[in-house]
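Novice: Could you look at this predicted model? Sequence included:
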Amino acid sequence: MRRERMRNDWKRAFDEIREGRILMSKLDDMPGEKEEGRLLDRWKEFLDAGAVGGANAVTNGDVTGDEDEDVQSGRDESANLDENDVTKQIMKKKSPLRFDGFQTWETQLQQWSDEVSAYLSETEVQWSELLKSKESSGYELGKFGLSSQGLKDLTKSARRDKFEQADDSGKDENVPSSKATSTLKRFRLDTTTTPIGTLPIALTALEPSLPKLPKPRPVTSSDTIVPHTDIADLTKNIWIVTTASLPWMTGTAVNPLLRAAYLTAGRKQMGGSVTLMLPWVERPADQERIYGKAERFANQKEQEEYVRDWLRDVADLKEASVDLRIRWYTAWQEVAENSLYSMGDIIGLIPEEECDICVLEEPEHLNWYRAPGENWTSKFKHVVGIVHTNYFVYAQEQPAAFIRAPGMRLLCSWMCRAHCHRLIKLSGTLGNFAPEKELVENVHGVRRTFLDIGQELRSKLTAPEAASDPVFSADAAPKVYFIGKMLWSKGLGSLMDLMKYAEESSGLKVTVDMYGGGPNKDEASEKAKSMGLDMPFHGPIDHAELGFSHKIFINPSLSEVLCTTVAEALAMGKFVVLPNHPSNDFFAQFPNCLPYSNKEEFIGNLYYALTHAPEPLTDEYSYALSWEAATERFAAAGSVSVAEAKATKEALESAEAGFDSVTFFLQQSDCPTTSDD
């Protein structure tokens, strides 16, 4: 009964859209229709409030005929509620449904089957190339992947002598007792190579009987911070290691570069430093595949100049372009995965005296093929990992996904747990890696260029002539676009299905300009044409160039961790229509963000955006999207409070933990003895 009522409600809304009865420009000429015309507007208010509007049942499950009586369509009720009722509904906001797209298990299995065949045929040439004998490059396995020159520069022998002297000096206080030893044997962990202080961190998720650890949280202004974890301390030396570099315009190249640039502010004057460690792609063929034929570098100095020029001219960070230190590690491309991997021991290239804080951008990626050598957590006092990519989702799209995907999730968890003291997930879409040390925080921002466009648009929207703006007014001709990599995993198929449904159910046919390049671009273009959709594919473009040409950005992707283009579109003051998905939770706070939980809500939100002007971007919302705010969030999330560290230490030293001594965040000199801390 309820489902039938909801279908009737949506049918009526779609009929209104098809007939154009609620266009704002027509309401003034139809007094009798004005109240009925407010129907979709009222529904939109309740949708924003998290109330049940249309088919949006505010539960965490699918809508079925057996749902609780509280779940109802809300269409007729919403039309009769006054402004006070709207306020009450906002106060009672609940978690909305998540959008799951159109995929079913049967279609997923068929898709996997098709992709296996396509993958094997398309990569046959690549595998043949990979299986050929490699040219000698001085990276023999016996040297742990290091060149001869790299071996000369290392100082590990001195550190090895130091540890040998410590072993000969007598009994080490960190040697576990018989009780701890029995616990270690139970988990079959090799204590000869793993510092005892790191073991309890790995055990907490493996043994249900172990005590619960405090949930990590960002530090606040009232917290006392463990000194060696304080990222905001300008005297600290910070190393940021990432897996990509400009001119490869990917998130793991751009975001770490901007993070490093903003962290340099005021640090040089206080004696600290920020060093960005980038992969040097030494093979010319790899450079051509990654950077293109136009961008080739003969040596590291040429590429460093390119990076600094981009910081100065594009990002407008002139001081940072000089103060930021840049170092390189040698990397080769894995063609089948289109990824870069280190050809040596990165840790051995970092001077001992500068090892305060390390930031691993994609810690799992950096350590999948890590050369033997010292651990990150033993060389650095504090290691923060930032997880950028949902490799589990990508593994689901590869051959043998039912084996590969769970294995990938387990491997990523191992790498993050083993090599980080603190783990920051950019959004809740990522699974659990190491619950005792991870938290969710958006530590990315957008370039000043996008915020400047948003401020300029705010001036336009608040001007007397705003109602006649040819792009952003309520009566403007539809200007809708998508920008991103042309991959099926980015939701291209879902976008086509949604636009086709909008056309068939409500007569809403709009042109969607598609910007970006990628391996599925031609295939996607052909599919759009076969479906009769108006989707011209234009190729790659700088997102900032679309600042004043389009009003509505649609991003249908469910594979993102945190979509940079969404943040950029919101910063420019555009409407953004996107799925109600954990990767978009940060953006839901912005008034121009229109999330949908099902295909009916997609149509409603799209129509709302077409018939309204965007809300002008306030200073508060603009700052929240900036890199200044992102750097503050990163410093808070990556640092550890004394209270959290003490609680963790006490939990691990409890009788239930099975250990007599633990070394965690607190060093002996850092542990306060007063209860005030």
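Specialist: Cool, got the structure. Numbering: from 1, shown residues only.

Novice: What is the neighbour count of residue 450?
Specialist: Residues within reach of residue 450, counting by other Cβ atoms under 10 Å, total 23. C-beta coordinates here come from the backbone N, C-alpha and C atoms, glycine included.

Novice: how close does it get to residue 431?
Specialist: Distance, residue 450 to residue 431, by Cβ to Cβ, to the nearest Å: 30 Å.

Novice: Can I get stretch 591-599 as CSV, trimmed to CA atoms?
Specialist: What follows is stretch 591-599 as a C-alpha-only set of coordinates in CSV (Å, rounded to 0.1, in the frame of the first residue of the first chain):
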residue,chain,number,x,y,z
PRO,A,591,23.4,24.4,0.8
ASN,A,592,24.2,23.9,-2.9
CYS,A,593,24.8,20.2,-2.4
LEU,A,594,21.8,18.1,-3.5
PRO,A,595,22.3,14.4,-2.6
TYR,A,596,19.9,11.8,-3.8
SER,A,597,19.1,8.3,-2.4
ASN,A,598,17.2,6.9,-5.4
LYS,A,599,16.5,7.8,-9.0
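
Novice: Which residue is the nearest non-sequential neighbour of residue 295?
Specialist: In this structure, residue 295 finds its nearest non-sequential neighbour in residue 247, 4.5 Å apart by Cβ to Cβ, 6 or more residues apart in numbering.

Novice: secondary structure class for that neighbour?
Specialist: Following DSSP: H, G, I helix; E, B strand; the rest coil, we place residue 247 in the coil state.

Novice: my guess is it contacts residue 306, does it?
Specialist: Yes - using Cβ atoms under 8 Å, residue 247 is in contact with residue 306, at 6.4 Å.

Novice: intersection of neighbour lists for these two?
Specialist: Counting by Cβ atoms under 8 Å, 6 or more residues apart in numbering, the residues touching both residue 247 and residue 306 are residue 295.

Novice: ok, the residue nearest to residue 295 - contacts?
Specialist: Contacts of residue 247 (Cβ under 8 Å, 6+ apart): 291-292, 295, 306, 310.

Novice: Restricted to helices, list those residues.
Specialist: The helices, defined by DSSP state H, take in 291, 306, 310 from those.

Novice: any idea of the mean pLDDT in the helix or strand containing residue 410?
Specialist: Secondary structure from DSSP states H and E places residue 410 in helix 401-419. Helix 401-419 carries an average pLDDT of 86.

Novice: same deal with stretch 581-591?
Specialist: Mean predicted lDDT for stretch 581-591 stands at 93.

Novice: who touches the helix or strand following the helix holding residue 410?
Specialist: Counting by DSSP H and E, the next helix or strand C-terminal to helix 401-419 is strand 422-425. The contact list for strand 422-425 (Cβ under 8 Å, 6+ apart) reads 216, 229, 363, 382-387, 416, 433-434, 437-441, 443, 561, 634, 637-638, 640.

Novice: Partner strands of the helix or strand just after strand 422-425 and their direction?
Specialist: Later in the chain than strand 422-425, the nearest helix or strand by DSSP H and E is strand 438-440. Sheet pairing for strand 438-440, assigned by DSSP bridges, gives strand 422-425 (parallel).

Novice: okay, the strand it pairs with in CSV with CA atoms only?
Specialist: These are the backbone C-alpha positions of strand 422-425, laid out as CSV (Å, rounded to 0.1, in the frame of the first residue of the first chain):
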residue,chain,number,x,y,z
ARG,A,422,48.0,7.4,13.1
LEU,A,423,45.7,6.8,10.1
ILE,A,424,43.5,9.4,8.5
LYS,A,425,40.7,8.2,6.2
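
Novice: Would you mind checking the average pLDDT for that strand?
Specialist: 96.

Novice: circling back to that earlier point, select from the contacts of residue 247 the one having the most neighbours.
Specialist: Going by other Cβ under 10 Å, residue 291 tops the contacts of residue 247 with 19 neighbours.

Novice: Settle this for me: that residue is touching residue 245, isn't it.
Specialist: No - contact between residue 291 and residue 245 fails when scored by Cβ under 8 Å: they sit 9.1 Å apart.

Novice: how long is stretch 586-604 end to end?
Specialist: With Cα to Cα, to the nearest Å applied, stretch 586-604 spans 22 Å between its terminal residues.

Novice: Name the residues of that stretch that are buried.
Specialist: 586-587, 590, 592-604 (16 or more other Cβ atoms under 10 Å).

Novice: With stretch 373-383 instead?
Specialist: 373-377, 379-383.

Novice: now swap in stretch 386-405 and tell me
Specialist: Along stretch 386-405, these residues count as buried under the neighbour rule (16+ other Cβ under 10 Å): 386-399, 401, 404-405.

Novice: In strands, which of the buried residues of stretch 373-383 fall?
Specialist: Among those, the members falling in strands (DSSP state E) are 382-383.

Novice: which one of the buried residues of stretch 373-383 sits closest to residue 480?
Specialist: residue 383 (43.4 Å; Cβ to Cβ).

Novice: where does the stretch 1-150 of the chain dip in pLDDT?
Specialist: Scanning the stretch 1-150 of the chain for pLDDT under 70 picks out 1-4, 6-7, 10, 16, 18-150.

Novice: same thing with the chain?
Specialist: Where the chain drops to pLDDT under 70, the residues are 1-4, 6-7, 10, 16, 18-211, 655-677.

Novice: Okay, strands next: where are they in it?
Specialist: Ranges of strands in the chain, per DSSP E, are 237-241, 273-281, 325-334, 339-342, 357-361, 382-387, 422-425, 438-440, 480-483, 512-515, 537-539, 552-554, 575-579, 593-596.

Novice: Partner strands of the second one and their direction?
Specialist: By that I understand strand 273-281. Sheet pairing for strand 273-281, assigned by DSSP bridges, gives strand 237-241 (parallel), strand 325-334 (parallel).

Novice: okay, those, which one's buried deepest?
Specialist: The highest mean neighbour count among the strands paired with strand 273-281, using mean count of other Cβ atoms under 10 Å, belongs to strand 237-241: a mean of 24.

Novice: Using CSV, write down the CA coordinates of it.
Specialist: Output of strand 237-241 as CSV, limited to C-alpha atoms (Å, rounded to 0.1, in the frame of the first residue of the first chain):
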residue,chain,number,x,y,z
ASN,A,237,60.9,18.5,10.5
ILE,A,238,58.1,16.9,8.4
TRP,A,239,58.7,14.5,5.5
ILE,A,240,55.8,13.8,3.2
VAL,A,241,56.2,10.8,0.9
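
Novice: when you compare where that strand runs with where strand 382-387 runs, what's the angle?
Specialist: 30 degrees (axes from the mean of the first three to the mean of the last three Cα atoms, to 10 degrees).
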